[in-house]
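>>> Got a predicted structure plus its sequence, pasted below:
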Amino acid sequence: MIQRGLMHDRPGKEYNYRLMLVRKARPEDMNKVAALAARLGLDYPGMESDDFWVAETDGEIVGLVGLKTHPDCLELCSLGVGEPRRGRGTGAALVRAALASADTDIFLGTTTPGFFTKLGFEPAAAVPETFRLKRLGPWCEGCDVSKCSIMVRKRSR
Ligand SMILES: CC(C)(COP(=O)(O)OP(=O)(O)OC[C@H]1O[C@@H](n2cnc3c(N)ncnc32)[C@H](O)[C@@H]1OP(=O)(O)O)[C@@H](O)C(=O)NCCC(=O)NCCS
């Protein structure tokens, strides 16, 4: 899926509109995707094997989100937008593109549930085993898991 939108550079009287493209990442994008993820603290081992969507402006990848397939669920992960590009709808566009690709429930763990509620996620009544185990392992090291909400976007939405 490809979404196109306009993003402006400078709030104020003069606007410099740029085309923003949200699209599925291609294998040749993955080095840049991993580099941006690392810059934002969202990288993880083996991420090259997962599906990613990117937001691109002037040929530069400015945002990313991943969909990871676990044995018991699909997980939305590594959502991030470069700091200069935040607040322009890029994060929401990335999530919508990833959601549109799947016709099954999608789970995530987040410390910013408010962002995802606007996009159709709700607190998960039943947490997949994958998330229970993740919380015990290195994935959640350094995070306060009591601040992490497990949410789900139900397939019917
Ligand atoms: C979270 C993040 C991806 C948002 O990206 P963005 O491009 O700035 O977000 P958008 O402009 O698409 O915002 C969409 C909506 O969510 C709201 N929003 C943005 N960040 C939010 C947050 N942290 N908490 C709650 N709502 C938030 C916006 O105000 C906007 O609301 P509106 O539709 O009512 O105007 C970005 O701030 C980021 O990369 N943060 C660092 C990494 C991170 O925290 N990732 C999520 C981990 S689970």
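Yep, that arrived. Remember, predicted model here, so these are calculated numbers, not experimental data. Numbers count the residues shown, from 1 in each chain.
>>> all contacts plus neighbour counts: C-alpha atoms, from now on.
OK.
>>> can you pull the contacts of Gly63?
Gly63 sits next to 36, 54-56, 79-82, 90-91, 94 when contact means Cα atoms under 8 Å, 6 or more residues apart in numbering.
>>> In those residues, which residue is surrounded by the most others?
Within these, most neighbours by other Cα atoms under 10 Å means Val54, with 31 neighbours.
>>> May I ask which helix or strand encompasses that one?
Element membership for Val54, per DSSP states H and E: strand 51-57.
>>> Let me see the mean pLDDT of that strand.
Here strand 51-57 scores 97 as its mean pLDDT.
>>> Output the contacting helices and strands for that strand.
strand 17-24, strand 60-69, helix 90-100 (3 or more Cα pairs under 8 Å, 6 or more residues apart in numbering; DSSP states H and E).
>>> Quick check: residues of this protein near the ligand?
79-81, 86-92, 110-112, 114-115 (Cα under 6 Å from any ligand atom).
>>> Would you confirm that Ala97 contacts Asp51?
No: using Cα atoms under 8 Å, Ala97 is not in contact with Asp51; the gap is 11.6 Å.
>>> residue boundaries of the strands in the protein?
Secondary structure of the chain (DSSP state E): strands located at 3-8, 17-24, 51-57, 60-69, 74-81, 106-110, 122-123, 149-153.
>>> still on that earlier bit, and the helices and strands packed on strand 51-57: which comes nearest Thr130?
Taking Cα to Cα, strand 60-69 is the member of those nearest to Thr130, at 10.4 Å.
>>> who does that closest one pair up with?
Paired neighbours of strand 60-69 in the sheet (DSSP bridges): strand 51-57 (antiparallel), strand 74-81 (antiparallel).
>>> In CSV: those, plus distance to Ser149.
Listed next are the strands paired with strand 60-69 as CSV, based on distance: least, Cα to Cα, whole Å:
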stretch, distance to Ser149
strand 51-57, 22
strand 74-81, 13
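>>> for the protein, which spans come out with low pLDDT?
1-17, 156-157 (pLDDT under 70).
>>> And Gly114, how far from Asn31?
Going from Gly114 to Asn31 by Cα to Cα, to the nearest Å gives 30 Å.
>>> And for Leu42?
On the measure of Cα to Cα, Leu42 and Asn31 end up 14 Å apart.
>>> Mind checking which of these two has more residues around it?
The neighbour count for Leu42 versus Asn31, taken as other Cα under 10 Å, is higher for Leu42 (17 against 11).
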